[in-house]
Structures are given as structure tokens and as C-alpha cells.
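Peer 1: Provided below are the primary sequence and the corresponding predicted coordinates.
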Amino acid sequence: MDFKEDPRIKTARKILFIASSFFALYIIALLLCSYLLGHEPLLFGLPLWLAVGNLIVPVVFVVLLILVAEKMIPDISLTDDDEEEKEKNK
Amino acid sequence: MNPAIISFLFYTAVLIAIGIWSYRIVEKVPIAKYEDEFYAAGRGLGGIVVALILAGGMASAGTFIAGPGMTYEHGYSWVIINNLQIFMNLMALAPVAIIIGIVARRVNAVSYLDIFKARYQSKSIIVMLAILVAVFLLPYMGAQFVGAARVISQMTGLGFLTSLALGSLVVLVYCILGGMRGTSIATLLQGFVISVGCIILFIGTVNYVGGFANSTRILARLNFDFLSPTKNGMFPAAFAASIACMDAFIIGMPHALLGALTYKNTRALKRGIWMGGILVLIWTLLLCVAGVLGRAIKPDLAISDEISPWLAMNVMPKALGGIVLAGIVAGIQTTVAAMAIVITSSIARNMVREFKPDLSGETMKVLTRLTMSACFIIAISFALFNPPLIQWIIFFSIGGLEAATFGPIFLGLYWKRGTKWGAIASICWGMIIYSLANTFMPKSVLLGTHPFFFSVLSSMLVYVLVSLLTTGPSLDVVQAFWGKKTVAGK
């Protein structure tokens, strides 16, 4: 009996890669802005590093996440029956 | 009567109504499907509920009480540390959800240990993990109850015991009556209350202190270190980076898998990920900034963890304070509910079945509810002792479980060659090394990293080495996890 890999496994690997890269980018942006920007000038009355690194960066990344999540995960069926039906319909 | 108590009691009454309502839904489900419904809500949860189950389950008293407490203590530097957790839904779901979603539907897995069972087909792993889950998560539940009771008692003036009963018994009602179905409906209400509570607390605090510019001036006068990203060298960037690595290992946590086991389809998965990002952003950022502002309002609080209840009581009308109180307690209750489901499923569904595989549906149903009641009784009795070493227990149990299970879950899902002996060795090694690293091991061995880091990496290595030395899993397992079609189906 030979083994044929489910094509959805490839999708899973791709999602793993995108999610980890996204998380790493966020951490890098958060840490760089927080530790390198410095105190002055104040933004919204808050220290610059805080306002940029810890308000703007998280909000921007959460907005980006909506786009990334919607694009990263394709609409695939999770059951095996649907997959067969689709193949029949082709 | 104190208006704060009235709004809190109203919230509790709605939760009880949800419990009874979900009980009627669960009871209508045929007995053969009962466990699917009780543990995984029929594997049909939509995006917002998946987002809330995960975010609410993972954000515990640590986020809602200790988070603002730490920023009160250490100023804005600790906001960075808390911001590292904003994308926990992404990291808990994205890496594993597709494979678990497919496998769960093939082998009918509804619990955390069902996945281990399908992957490793080993009785010893199930028994070992069920015991670990119970031993570590029950005190964790108890610690959460203590956190909730302290907040309620502080804000309403009720005694510790009454507060404990008020915060914990209602969770028992909706968990036992409705299982995952009850929890998912309750979570919708709780997620809303938490978010509204956080927003009210934030706006109220900013208003009271007279805007950011004013608070920054006051903080600078108090101690300029509060405005420094490192608290003047106390928390260097390397410290934040090592915490960030820990956040990435969230996959091994049993309650982090609840989302992957229950989501309905890929649409729910996507929404669960990004909605989770929005929710955790609101909960974390607003509360933590409010904690720092609290320092500018009341610089001399003896116990920093009391800052969010103190703000709720003192900077806004009492009735609004009651909503904030409900929000904080709701945040803790969602965690307890998730834990209760994980522990109950591990024992009643997985461990008992290893010894008595042929129990009838009716017996399982009774057993499920009895086990869950027992969980709550043990956790609440634990809370009654009000133990001082709680923080250590929380820290140890979460880290230990992650160290033990990260390799077997994560590598097991992507690497066909991983074997049951690899998993057993990795679990034992992870537990032992983690215990040693936290107690006896000299710090120099760890090269300055967090003990957790060393434990996870070395137990992953053990998993790989032992797997390579033993025979790989059977073709059935490989087919079920990565094959194009199920063996059973064809």
C-alpha cells in the first residue's frame, strides 16, 4: 500500500510558516521601536517609544492580521466526503 | 445596597440562565453524540466564539489582575512585556488547526488527549498525561478562584467565603449543565462584559487623571524610571525577547487546543485568529496602560495587584465600577471553564476509557458530570486554603505542562517518524528537567536563559533522538494524519 500525502498538509505547512513569520516580525517591530526610539518628543502626551512601539505598532499589526489571516488560510473542506464529492463534480 | 453588587448579581443571574438554557440544548442531543456535544459543542463553533474561547481561556487572572498590577509596580516598561501576548490566538491556532481539524473529523477526536491517542496509540501516554493535567491544572483552577474571590471581596465588602462562592459556583452551574455548549454561550456574554469593562476602566482612568500629558508629568515627578522602556536598566531588551520566545510555545497547552478541536470551518478559523487579536489587544493594552495611570492617581497602594479593582471603585460611578468588576471576574471564569473541560475530558473520556472501554452512553454521561463536579469541588477546596505559594504553582504548572507536551504535539503533527517512545521519553524528560531547572540546577548550565526555554528545547531533542531509535508509527496512523484518504473510510 503506497502513501499519498493529503494536499491539505502542504497548506498546513504554509500556514505555519506565515504565522511564525508574522509573529516574529511583530516582536521585532515592537522591541526595536520600544528600545530604540527614546523618550522625546512626546506623542499624544506619552513618551515617544511607548506611543509608537506599544500603541501604534500593535494596532497596525492587528489590522494587518485581518488581511493576513484572511489571505493565509484558503477555504478548504475539513472532511473527506466533501473532497470526494468535489472530485466527482470535476 | 451597593450598586456595584447589583450589577454584578445581574451578570451572575444571566450566566445561570445561560447554564439552564444550554442544558436543554445538550439534553436534546442523542446519546451517541453526547460527548461530541459536551466536549466540543458538536465541532460547530463559529469565528467569534472560537476567538473568545481561546482568548478568554488563555487570558486569566494573570492578564486581568497581575497585568495592571505589574505595570503599576514597574511603569510603562511592563506594557512591552504584556504586549508580547497580543497574538496568542494566532500562535495557538494557525500552526496546528488544519491538521487537527482534519484528523479530529477522521478519528472523531473531541478532546486534547484524543489527539495523543490517535497519534501514539499508547495507554501509558494517556494515563501519564491525564494525571499530569489533573495534578497541575486543578491547583491552577483553585488559584484562579482565589484571584476572583479577592477582587469580589475587595469591591463589594463581602467576606472571602461569600465572594468565593459568588465567583465560582456559577461557573460550576453552566459547565456541568451545558459542557462546551454552555461554556461557548456564556463566553459570548463574558467576552462582551470583559471588553466593555476594560474600555470603561480605561476611559474612566484617563478622564480622572486629566489626559496623558498630565499623567506623564505626574509620573516624571514621581520617578522618571516609570517612563523608561527598561525601567532604567532593570528589564533589558534581552529579557523581553526571552519572554517573547515563551509566548511562541503556547501550542502545547491543553486549553490552547480547545479552539482547534471545536472550530466549524476555515472561515471560523480565520475569524477566530483575527478577532482574537482585536480582543486580546483591547484587554491587554487598555488595562496595562490604566495600571500605569493608576500610579499617577494613587502612588501609595500597598499591594500592586489591587490597582484595577481600586480604580474601578474610585475613579468612576459605582454602577459602572460593577461592570468592570464583572469584566475582571468574567475574564477569570472563562479560564476556569476551559480548564474544567480539559481536565474532565482527560479523565472521564480518555483515562477511564483506557481501563473500561465498553461503558454505555448513559454511564458516560453520568460519569462526565460527576467528574466535572469533582474537579470543581477539589479546585474550590484548594481555594479555601487561600495558599500563599499560588503564584509559584501557576508558573510551575503551566511551564511544566508546556515543556512536557510541546514536542509530542507539535513535532508529532508535522513529523511522520515521531514515535510513542519518543513522546514518552520527551514527556518524562521535560517534567524532570523542568523541575530540576527550577530548583537545583546551577544557573550557569542554562546559559542565562529561562529554565523553561532549556526544558522545551532539550525535550524536543529527546523526542527526536528516541523516535529515531525506535520503529516508526504504523501505516494506519500515518494515513489518518497525513494520508489522502482515511483507511477506515475506504
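Peer 2: That came in fine, so what should we check first?

Peer 1: so what's the residue most central in space within chain B up against?
Peer 2: Taking C-alpha atoms, centre = their mean, the centroid of chain B lies closest to residue B:58, which sits 2.7 Å from it. Neighbour list for residue B:58: B:88, B:92, B:250, B:253, B:255, B:256, B:335 [criterion: C-beta atoms under 8 Å, 6 or more residues apart in numbering or on different chains]. From N, CA and C alone the C-beta is placed, and that goes for glycine too.

Peer 1: what about it, distance to residue B:123?
Peer 2: The gap separating residue B:58 from residue B:123 is 30 Å, by C-beta to C-beta, to the nearest Å.

Peer 1: just the buried ones from the contacts of residue B:58?
Peer 2: B:88, B:92, B:250, B:253, B:255, B:256, B:335 (16 or more other C-beta atoms under 10 Å in any protein chain shown).

Peer 1: make a markdown table out of the contacts of residue B:58 and add pLDDT and distance to chain A.
Peer 2: What follows is the contacts of residue B:58, written out as a markdown table (pLDDT from 0 to 100; distance: C-beta to the nearest C-beta, whole Å):
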| residue | pLDDT | distance to chain A |
| --- | --- | --- |
| B:88 | 88 | 10 |
| B:92 | 89 | 10 |
| B:250 | 77 | 10 |
| B:253 | 81 | 16 |
| B:255 | 82 | 19 |
| B:256 | 83 | 13 |
| B:335 | 89 | 22 |
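
Peer 1: re earlier: redo the buried ones among the contacts of residue B:58 as a markdown table? Include distance to residue B:481.
Peer 2: What follows is the buried ones among the contacts of residue B:58, written out as a markdown table (distance: C-beta to C-beta, whole Å):
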| residue | distance to residue B:481 |
| --- | --- |
| B:88 | 25 |
| B:92 | 20 |
| B:250 | 21 |
| B:253 | 21 |
| B:255 | 22 |
| B:256 | 19 |
| B:335 | 30 |
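
Peer 1: taking those residues one by one, which sit in helices?
Peer 2: Of the buried ones among the contacts of residue B:58, the ones assigned to helices by DSSP state H are B:88, B:92, B:335.

Peer 1: wait, the second one sits on residue B:251?
Peer 2: Yes - proximity of residue B:92 to residue B:251 meets the contact threshold set by C-beta atoms under 8 Å, at 6.6 Å.

Peer 1: any idea how far residue B:189 is from residue B:52?
Peer 2: Distance of residue B:52 to residue B:189, computed by C-beta to C-beta: 10 Å.

Peer 1: pick out whichever of those two has more residues nearby.
Peer 2: When residue B:52 and residue B:189 are compared for neighbours, residue B:52 comes out ahead with 29 against 17, by other C-beta atoms under 10 Å in any protein chain shown.

Peer 1: ok, the longest helix along chain B near chain A or not?
Peer 2: In terms of residue count, the longest helix belonging to chain B (DSSP H) is helix B:160-209. No - figure legend: helix B:160-209 not in contact with chain A (C-beta under 8 Å from any C-beta of the partner chain); closest approach 10.0 Å.

Peer 1: angle of the following helix or strand past that helix against helix B:160-209?
Peer 2: Using DSSP states H and E, the next helix or strand after helix B:160-209 towards the C-terminus is helix B:212-222. Relative orientation of helix B:212-222 versus helix B:160-209 (axes from the mean of the first three to the mean of the last three C-alpha atoms, to 10 degrees): 110 degrees.

Peer 1: name the residues of helix B:212-222 that are buried.
Peer 2: In helix B:212-222, counting by 16+ other C-beta under 10 Å, buried: B:212, B:215, B:216, B:218, B:219.

Peer 1: let me see the mean pLDDT of that helix.
Peer 2: Throughout helix B:212-222, pLDDT has a mean value of 86.

Peer 1: which helices and strands does that helix pack with?
Peer 2: Packed against helix B:212-222 by the contact rule (3 or more C-beta pairs under 8 Å, 6 or more residues apart in numbering or on different chains; DSSP states H and E) you find helix B:160-209, helix B:266-297.

Peer 1: ok, then the element right after that helix?
Peer 2: According to DSSP H and E, the helix or strand after helix B:212-222 is helix B:237-248.

Peer 1: return whichever helix or strand comes after that following helix as PDB; C-alpha atoms alone will do.
Peer 2: Next helix or strand after helix B:237-248 toward the C-terminus (DSSP H and E): helix B:257-262. Extracted in PDB, the C-alpha atoms of helix B:257-262 (Å, rounded to 0.1, in the frame of the first residue of the first chain):
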ATOM      1  CA  LEU B 257      -6.000  23.200  21.600                       C
ATOM      2  CA  LEU B 258      -9.700  23.700  22.500                       C
ATOM      3  CA  GLY B 259     -10.100  26.100  19.600                       C
ATOM      4  CA  ALA B 260      -8.500  23.700  17.100                       C
ATOM      5  CA  LEU B 261     -10.800  21.000  18.300                       C
ATOM      6  CA  THR B 262     -14.100  22.900  18.100                       C
END
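
Peer 1: buried residues of helix B:257-262, list them for me.
Peer 2: Neighbour-count burial for helix B:257-262 flags B:257, B:258, B:259, B:260, B:261, B:262 (criterion: 16+ other C-beta under 10 Å).

Peer 1: what does stretch B:16-36 give?
Peer 2: Buried, per 16+ other C-beta under 10 Å, within stretch B:16-36: B:18, B:19, B:22, B:23, B:25, B:26, B:34, B:35, B:36.

Peer 1: so which of those belong to helices?
Peer 2: Those of the buried residues of stretch B:16-36 lying in helices (DSSP H): B:18, B:19, B:22, B:23, B:25, B:26, B:34, B:35, B:36.

Peer 1: could you count how many residues lie near the closest residue to the third one other than its chain neighbours?
Peer 2: Read that as residue B:22. Closest residue in space to residue B:22, ignoring its immediate chain neighbours: residue B:178 at 2.9 Å, by C-beta to C-beta, 6 or more residues apart in numbering or on different chains. Using other C-beta under 10 Å, residue B:178 has 27 other residues around it.
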